[in-house]
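Colleague: The amino acid sequence is not available; the structure is as follows:
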């Protein structure tokens, strides 16, 4: 290779690295903002009341210097401006370790509207419970909430996936032997009072924790009784009189210490038995991912270069390497765990017929290969990792005549019926049916995350804007109105801008289409902790792909 070529590669690498580092820096700055919850003044008020904040409680509860991953940090971002915002959905959810036991912690953030439940708060709590149920993980609730946010009660109260579903899940988990521990560390009001009491064990902090179906003002209005909140539903009442709670704690730290003591005595659960060897670091430097991923979606790259920097010893045993090359399939280990990787190939490749195929597009042969590989992984009890960067399935007469719909259906069928745990990482594009076939949120990945470079939409921004513009122009013409070229261009830019804002990974994360936006170098940790969680839940269901046409 000439020095000029080498210099060009180095410049390209550096440009890519700088672009991705800027996106990572922007992500970290956004996180620092949402991590403040309701702001510094409300944090200080919480401290004045003798209470820790939600994040401080979790930090104290989890084992020091142990790995942890946060679910839904950007939930609710930019969604409730007219109500003053709802950072992180007003609740912090973390998967971590308490006395070396992996568990999920759900902590209301009382600095955000007194911990009141917005619609996204309910959705995030349900996601936490879903993770606990799928993986049979113990779940710990740190309760400090004023209850349903009344101005939006119609969006949080009555539907199947609303507030009441949480108590249904409490009952289901209890019947299935999934440990639930609740700590009442502040307000716990009305219907929300059922959550801690439907848990297996409940504790309350003296003088700051209260739990009742109706507070003192409502009691006065309803039945004319005058009583203060502490007498009505404080620690003394519920630990000494009603027997509603099991432990009376003097302060937040005493309460969290009691939870740690309980977790220290929890026995081992049955395991799924996924294969794990001694973890090894990748042979190729993972930091090079930042320079490999292009700074533009119009540029191609070799997904194998990414995989080689994610897997142990950079060892990737590729399946059907020379067939269906726009999807890469193969076996590897990540932090010791055996995984089957299904990844979109972003560079142009040559088909078995000698034809060039577009990178990031799923062709019939690729779909067929991936479906067979997924079946093999289910047979071998190997968890699946999907690395998404695809614009969709190939279109056109040749593809349609070749049966692309049938082959795409094979892939979706095999993936949907998979009984081994699935994990999805959205690296770049996640458009249309490719989002579905590569295990998007609708297909029950145990965890789904995006890099700051992720985009989720039906199609690319320009294509969508052109389609929508054509519809609007045709509608206006039907009414006898003509647009000038300048008006069409202005309308196009307006449509494209709105559409592309909805493709942002933060738009997706705000609505919990993804569990998190993560630093690419944290990918190994997310997958490893995800498989460790899944290993708590033995596979009970037999793998059956249903009807697949051949």
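Modeller: Yep, it's here. Worth saying up front: this structure is predicted, and the values here are computed from it rather than measured.
Colleague: Please report phi then psi for the closest residue in space to residue 302 that isn't next to it in sequence.
Modeller: Closest residue to residue 302 apart from its sequence neighbours, by C-beta to C-beta, 6 or more residues apart in numbering: residue 347 at 5.2 Å. Placement of C-beta: from N, CA and C, glycine included. Here is the backbone geometry of residue 347 (degrees, to the nearest 10): phi -90, psi 160.
Colleague: which residues does residue 347 contact?
Modeller: Listed by C-beta atoms under 8 Å, 6 or more residues apart in numbering, the contact set of residue 347 reads 300-303, 359.
Colleague: quick one: which of those is nearest to residue 22?
Modeller: Nearest to residue 22 among the contacts of residue 347, counting by C-beta to C-beta, is residue 301 at 18.2 Å.
Colleague: Just say helix, strand or coil for the closest one.
Modeller: Of the three states, residue 301 takes coil according to DSSP: H, G, I helix; E, B strand; the rest coil.
Colleague: Hmm, it is touching residue 292, no?
Modeller: Yes. Counting by C-beta atoms under 8 Å, residue 292 is a contact partner of residue 301 at 5.9 Å.
Colleague: and the contacts of residue 347, which are buried?
Modeller: Neighbour counting with 16 or more other C-beta atoms under 10 Å marks 301, 303, 359 as buried within the contacts of residue 347.
Colleague: Could you export those as JSON lines, including pLDDT and distance to residue 532?
Modeller: Shown next, in JSON lines, are the buried ones among the contacts of residue 347 (pLDDT from 0 to 100; distance: C-beta to C-beta, whole Å):
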{"residue": "301", "pLDDT": "95", "distance to residue 532": "30"}
{"residue": "303", "pLDDT": "97", "distance to residue 532": "25"}
{"residue": "359", "pLDDT": "81", "distance to residue 532": "33"}
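Colleague: Tell me the one of those nearest residue 142?
Modeller: Of all the buried ones among the contacts of residue 347, residue 142 sits closest to residue 303, with 40.5 Å by C-beta to C-beta.
Colleague: Just list the residues touching that closest one, thanks.
Modeller: Each residue near residue 303 by C-beta under 8 Å, 6+ apart is listed here: 328, 343-347, 387, 389.
Colleague: at 6 Å what do you get?
Modeller: Residues near residue 303 by C-beta atoms under 6 Å, 6 or more residues apart in numbering: 328, 343, 345-346.
Colleague: And the strands in the stretch 301-450 of the chain, which stretches?
Modeller: Under the criterion DSSP state E, counting those that start in this stretch, strands of the stretch 301-450 of the chain are mapped to 317-319, 327-334, 337-344, 349-350, 356-357, 361-362, 384-390, 392-393, 422-431, 447-450.
Colleague: after the longest helix along the chain, next one along is what?
Modeller: Ranked by number of residues, the top helix in the chain under DSSP state H is helix 3-34. For helix 3-34, the following helix or strand on the C-terminal side (DSSP states H and E) is helix 40-48.
Colleague: now that following helix: mean pLDDT?
Modeller: Across helix 40-48, the average pLDDT comes to 96.
Colleague: Quick check: buried residues in it?
Modeller: Buried residues in helix 40-48, counted by 16+ other C-beta under 10 Å: 42-43, 46.
Colleague: Now do that helix: everything it contacts.
Modeller: Contact with helix 40-48 is made by 53, 111, as judged by C-beta under 6 Å, 6+ apart.
Colleague: which element follows that helix toward the C-terminus?
Modeller: Heading C-terminal from helix 40-48, the first helix or strand you meet, by DSSP H and E, is helix 54-61.
Colleague: Past that next one, which element shows up next along the chain?
Modeller: Next element after helix 54-61 (DSSP H and E): strand 69-71.
Colleague: Mind giving me the packing neighbours of that following strand?
Modeller: Where contact means 3 or more C-beta pairs under 6 Å, 6 or more residues apart in numbering; DSSP states H and E, strand 69-71 is packed against strand 91-98.
Colleague: chain center to the strand it packs on, what's the gap?
Modeller: Computed by C-alpha atoms, centre = their mean, to the nearest Å, the chain-centroid distance of strand 91-98 equals 13 Å.
Colleague: For the remainder of this discussion, apply numbering that starts at 253.
Modeller: Let's use 253 as the start, then, which means that last one is strand 343-350.
Colleague: Name every strand pairing with that strand and say which way it goes.
Modeller: Applying DSSP bridges, strand 343-350 is found paired with strand 321-323 (antiparallel), strand 353-360 (antiparallel).
Colleague: Next, count neighbours for residue 642.
Modeller: Neighbour count for residue 642, taken as other C-beta atoms under 10 Å: 29.
Colleague: Please tell me how far it sits from residue 500.
Modeller: Going from residue 642 to residue 500 by C-beta to C-beta, to the nearest Å gives 55 Å.
Colleague: swap in residue 601?
Modeller: Distance, residue 601 to residue 500, using C-beta to C-beta: 66 Å.
Colleague: Give me the below-cutoff pLDDT ranges for the stretch 553-702 of the chain.
Modeller: Counting by pLDDT under 70, the stretch 553-702 of the chain shows no low-confidence range.
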